[in-house]
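J.: build me a structure from this.
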Amino acid sequence: MPENSNFVVRFWGVRGSIACAGPETMRYGGNTSCIEMRCGDRLIIFDAGTGIRPFGLSMPIDQPIDLDHFFSHAHWDHIVGLPFFRPAHIPGNKIRIRSGHHISGGGLENALREAMHDPLFPIPLEIFKADLEFINFNAGDTLDIGDGISVRTAPLNHPNGCTGYRVEYDGKSICYVTDTEHALEERDQVVLDLIAGADIVIYDATYTDEEFETKIGWGHSTWQEGVRLCKAAAAKRLVLFHHDPDRDDHALDEIEVAVRSEFDLAIVAHEGLALAP
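T.: Numbering: from 1, shown residues only. This next block holds a predicted model:
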């Protein structure tokens, strides 16, 4: 973690759609979406892709854990790691699971129950021994979760719905905006409002502009759109995220060179990356 900072984000899974471990993805990583935020003594997690398993294994088993776990949505690549999150299996740990979509269908709890049910999965949600609390909100709400932490939320343009987040703490802000599709000729005002003046913007950069027109309707964006949004919103730093599983390390290197030529404080997320605003 960056030294002398009480507000830090760390990346445990940066891929989109499906995990893609292999020699060609070793440097950036092949795990799907999972990021950790530390706000002072508070621990916040976003999503539970396959990256949540190594994160869980890094945490102590002999100390009680109390955390807030926010989900963008319930597509497979964002929930598949949850059954393998070791802290969820330890009695005495407290996990508040928060989500802002699919409330009319029973919320995330119901989606997880359906996913962790035969014939899709051999063990049910009740296998977890930690104290799980499911909390629904409406995308667009601003949540005060205590200790000076404010979480603004916004609905994103993605099949079946998705939620974007802006965490504000200690006078700084980090935004998590993944699984969203932009329009070709205009900036998304919802996203612009969410990221306005933000210190760090984590953004869905699954495609390039050249690839995008054949992927319309798939619910994802491009690194070039991330640049356009951050410039329009006067955001300070852009972190490209949710990499296409077909994109190997060499291709991501090329994208990092390209994005930095257009936005100085831009970076391509890799597993293990830790940043402080």
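
J.: avg pLDDT for the helix or strand hosting residue 256?
T.: Per DSSP states H and E: residue 256 is located in helix 249-262. For helix 249-262, the mean per-residue pLDDT is 98.

J.: okay, and the helix or strand of this protein with the least pLDDT?
T.: The helix or strand of the chain with the lowest confidence, counting by mean pLDDT, DSSP states H and E, is helix 107-115 at a mean of 92.

J.: so for it, what gets flagged as buried?
T.: Judged by neighbour count using 16 or more other Cβ atoms under 10 Å, the buried positions of helix 107-115 are 107-109, 111-112, 115. Every residue, glycine included, has its C-beta placed from N, CA and C.

J.: for the residue nearest to the spatial centre of the chain, list each beta-bridge partner.
T.: Nearest to the geometric centre of the chain sits residue 46, at 4.8 Å (Cα atoms, centre = their mean). On the basis of DSSP bridges, residue 46 is bridged to residue 35, residue 70.

J.: just checking, it touches residue 35?
T.: Yes. Between residue 46 and residue 35 a contact is recorded at 4.8 Å, counting by Cβ atoms under 8 Å.

J.: measure residue 179 to residue 155 for me?
T.: 12 Å (Cβ to Cβ, to the nearest Å).

J.: distance from the chain centre to whichever strand or helix holds residue 12, please.
T.: Following DSSP H and E, one finds residue 12 within strand 7-13. With Cα atoms, centre = their mean, to the nearest Å as the basis, strand 7-13 stands 10 Å off its chain's centre.

J.: and that strand, what other elements does it pack with?
T.: The elements that strand 7-13 packs onto, with contact taken as 3 or more Cβ pairs under 8 Å, 6 or more residues apart in numbering; DSSP states H and E, are strand 34-39, helix 52-57, strand 172-177, strand 274-275.

J.: what are the buried residues along the second one?
T.: Pointing back at helix 52-57 there. 52-56.

J.: closest one to residue 24 out of those, please.
T.: Distances from residue 24 to the buried residues of helix 52-57, taken as Cβ to Cβ, are shortest for residue 54 (19.3 Å).

J.: quick one on the thing from earlier: now the element after the helix holding residue 256, going C-ward?
T.: Later in the chain than helix 249-262, the nearest helix or strand by DSSP H and E is strand 266-268.

J.: element containing residue 30?
T.: Following DSSP H and E, one finds residue 30 outside all helices and strands.

J.: ok, and the closest non-adjacent residue to residue 158?
T.: Of all residues not flanking residue 158 in the chain, residue 219 sits nearest, at 3.9 Å (Cβ to Cβ, 6 or more residues apart in numbering).
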